[in-house]
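# Sequence first, then the predicted structure:
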Amino acid sequence: MTSQAGSKVLKYIEMLAQISQEDGKLTRLSLTEQHKQANALVGILMESAGMQVRTDAMGNIIGRLEGSSDKRALLLGSHLDSVRDAGKFDGPLGVVAPIVCLELLARQGITLPYAVEIIGFCDEEGVRFPSTLLGSRALAGTLKPEVLDERDADNISIGKALKAFGQDPSEFASAQRKPEEFLGFVEVHIEQGPVLEGENLPVGLVTAIAGAARYTVSVTGMAGHAGTVPMGLRKDALVAASECIVAIEQICLSLPDVVGTVGMIQCQPGAGNVIPGLVDFSLDLRSSQDSVRDDAEQQIYAAMDEIARKRLVTIDAQKTYQAAGVTCDSWLNGQLGHAITNSGYQLRSLPSGAGHDAMALADLTRIAMLFVRCTGGISHHPDENITVEDAEATVQVLMRLLTDFNPDA
Ligand code: HGY
Ligand code: MN
Ligand code: MN
């Protein structure tokens, strides 16, 4: 039934992977020309599966296929934006795999009793703008109007980017959906970790999604002449920032279940013969337990205060985003778990250290996630990969979910 389905999934993944704003690498940030092209391609694939297609006020692309008797929809999907120099599967797999399933059902002449919606979210990675999960939070109605004023590195606001994308920013709240419209949300996503590959399993059932917080840290010292200021009189912002970054690593290593990452750093004035006067760096802090993440935050703040005092610099940390951890819905996980075992696969439950659109959708409807094994657990990297066999297994499990799904179980 699904023998060519796996290669169809990979074919669609490859088509989407060609749409990038950087030559030779995959970078597709939200509300850009490339995002618009990706939406257009996904819209064509959705239509080929018999869906009605629209773009909502936040730039999410949404396909809908009516059921024979129930107006409520099972929602599937994931995000179409990427990180920089990304892999092909993080996001798109959760959009194209359900589309391939609907194509298969249409070919078999099967109409489901309930509706199905598939959504390509506009911004999950939060690479272009400080916030993240913009598309899914718009659907859940948890975005505040002031988010439209957030700006990217070129000082373009989300409101302006929405306008350039062809949306009316004043209408963004119309993207919000009602809980009663949905039977639940199921997100298919690569595991982005080593567990499934380590146990030689193609798929896994997600139990919970770790919470996350993001910060921008500014270290202000005193720029000066690299040749004339004695070492003992310097207020070197880059050395102070470096000491903060090492302290962050030490604190996260000392706690049981925290990961901390500094992924971006900017140093001013940025000349080889000038002592750095100002450094801005990002901090991404995560834990499966919000209280442990809060404890790490407090320890990091205290360490930075001590470094500021010792080095006569000022250090200002601004939290730009926070999402609590979420637990997947046991009823929906039960349905997805049966689809996994009835497809002949071992049921392996595991938590997600990565964030996903499902976190935001938990404020709207029941959520469940199907993890797919990825080679070496690699993600946020061009070597991200899945096998055609695992793509087939994914379609097999999804088909089982769709055909066996019992909204009133
Ligand atoms: O950062 C994350 O966890 C996700 O890939 N956006
Ligand atoms: Mn993702
Ligand atoms: Mn990602």
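That came through, no problem. Ligands and ions are numbered 1, 2, ... in the order given.
# the helices in the stretch 151-300 of the chain, which residues?
Secondary structure of the stretch 151-300 of the chain by DSSP state H, counting those that start in this stretch: the helices cover 158-165, 195-198, 237-254, 290-311.
# elements contacting the second one?
Counting contacts by 3 or more Cβ pairs under 8 Å, 6 or more residues apart in numbering; DSSP states H and E, the secondary-structure elements packed against helix 195-198 are strand 203-209. Where you see a C-beta, it was placed from the backbone N, CA and C, and this is true even at glycine.
# contacting residues around residue 277?
By Cβ atoms under 8 Å, 6 or more residues apart in numbering, residue 277 lies in contact with 220-224, 235, 237, 268-269.
# So it versus residue 106, what's the distance?
62 Å (Cβ to Cβ, to the nearest Å).
# Then residue 241?
Using Cβ to Cβ, residue 241 is found at 56 Å from residue 106.
# who's more crowded, those two?
Between residue 241 and residue 106, counted using other Cβ atoms under 10 Å, the more crowded position is residue 241 (27 against 15).
# so residue 93 makes contact with residue 385?
No - at 10.9 Å, residue 93 does not count as touching residue 385 under the criterion of Cβ atoms under 8 Å.
# Looking at these two, which is more packed in?
Using other Cβ under 10 Å, the more surrounded residue of residue 93 and residue 385 is residue 93, with 29 against 18.
# Give the buried residues for the strand or helix carrying the more buried one.
Taking DSSP states H and E as the definition, one finds residue 93 inside helix 92-107. Using 16 or more other Cβ atoms under 10 Å as the burial criterion, the residues of helix 92-107 that qualify are 92-105.
# The next helix or strand after it near ligand 2 anywhere?
Beyond helix 92-107 on the C-terminal side, the first helix or strand identified by DSSP H and E is strand 114-121. No - contact of strand 114-121 with ligand 2 (Cβ under 5 Å from the ion) is absent, the minimum separation being 9.4 Å.
# Look up the closest residue to residue 176, ignoring the ones flanking it.
Spatial nearest neighbour of residue 176, excluding adjacent residues (Cβ to Cβ, 6 or more residues apart in numbering): residue 141 at 3.7 Å.
# can you pull the contacts of the closest residue to residue 335 other than its chain neighbours?
Spatial nearest neighbour of residue 335, excluding adjacent residues (Cβ to Cβ, 6+ apart): residue 405 at 5.8 Å. Contact analysis of residue 405 by Cβ under 8 Å, 6+ apart lists 74, 112, 114, 183, 335.
# Identify the farthest-apart pair in those.
Using Cβ to Cβ, the pair of those lying farthest apart is 112 and 335, separated by 13.5 Å.
# Among the two, which residue is more densely surrounded?
More crowded of residue 112 and residue 335, by other Cβ under 10 Å: residue 335, with 22 against 18.
# how much space is there between the more buried one and ligand 2?
According to Cβ to the ion, to the nearest Å, residue 335 and ligand 2 sit 22 Å apart.
# Same check on residue 337?
According to Cβ to the ion, residue 337 stands 22 Å off from ligand 2.
# residues contacting that residue?
205, 347, 349.
# residues in the stretch 251-400 of the chain within reach of ligand 1, list them.
By Cβ under 6 Å from any ligand atom, the residues of the stretch 251-400 of the chain that approach ligand 1 are 354-355.
# Can you name the residue of the stretch 251-400 of the chain nearest to ligand 2?
Residue nearest to ligand 2 within the stretch 251-400 of the chain (Cβ to the ion): residue 356, separated by 5.7 Å.
# cool, the stretch 51-200 of the chain as well?
Ligand 2 sits closest to residue 90 of the stretch 51-200 of the chain, with a gap of 4.4 Å, by Cβ to the ion.
# which helices and strands does the helix or strand of the chain with the lowest mean pLDDT pack with?
For the chain, the helix or strand with the lowest mean confidence is strand 314-323, at a mean of 94 (criterion: mean pLDDT, DSSP states H and E). Counting contacts by 3+ Cβ pairs under 8 Å, 6+ apart, strand 314-323 packs against strand 211-220, helix 290-311.
# what about the shortest one, average pLDDT?
This means strand 211-220. For strand 211-220, mean pLDDT is 96.
# Given that strand, what are its sheet partners and their directions?
Counting by DSSP bridges, the strands paired with strand 211-220 are strand 278-287 (antiparallel), strand 314-323 (antiparallel).
# could I have stretch 240-260 exported to PDB, CA atoms only?
Taking Å, rounded to 0.1, in the frame of the first residue of the first chain, the C-alpha atoms of stretch 240-260 are listed here in PDB:
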ATOM      1  CA  ALA A 240      33.900  39.300  30.100                       C
ATOM      2  CA  ALA A 241      31.400  37.700  27.700                       C
ATOM      3  CA  SER A 242      33.700  34.800  27.200                       C
ATOM      4  CA  GLU A 243      33.900  34.200  31.000                       C
ATOM      5  CA  CYS A 244      30.100  34.400  31.100                       C
ATOM      6  CA  ILE A 245      29.800  31.700  28.300                       C
ATOM      7  CA  VAL A 246      32.200  29.400  30.100                       C
ATOM      8  CA  ALA A 247      30.200  29.900  33.400                       C
ATOM      9  CA  ILE A 248      27.000  29.100  31.600                       C
ATOM     10  CA  GLU A 249      28.500  25.800  30.400                       C
ATOM     11  CA  GLN A 250      29.800  24.900  33.900                       C
ATOM     12  CA  ILE A 251      26.400  25.700  35.500                       C
ATOM     13  CA  CYS A 252      24.500  23.600  33.000                       C
ATOM     14  CA  LEU A 253      27.000  20.700  33.400                       C
ATOM     15  CA  SER A 254      26.500  20.800  37.200                       C
ATOM     16  CA  LEU A 255      22.700  20.500  37.000                       C
ATOM     17  CA  PRO A 256      20.900  17.200  36.200                       C
ATOM     18  CA  ASP A 257      18.800  18.000  33.200                       C
ATOM     19  CA  VAL A 258      19.600  21.400  31.700                       C
ATOM     20  CA  VAL A 259      21.100  22.400  28.300                       C
ATOM     21  CA  GLY A 260      22.400  25.900  27.700                       C
END
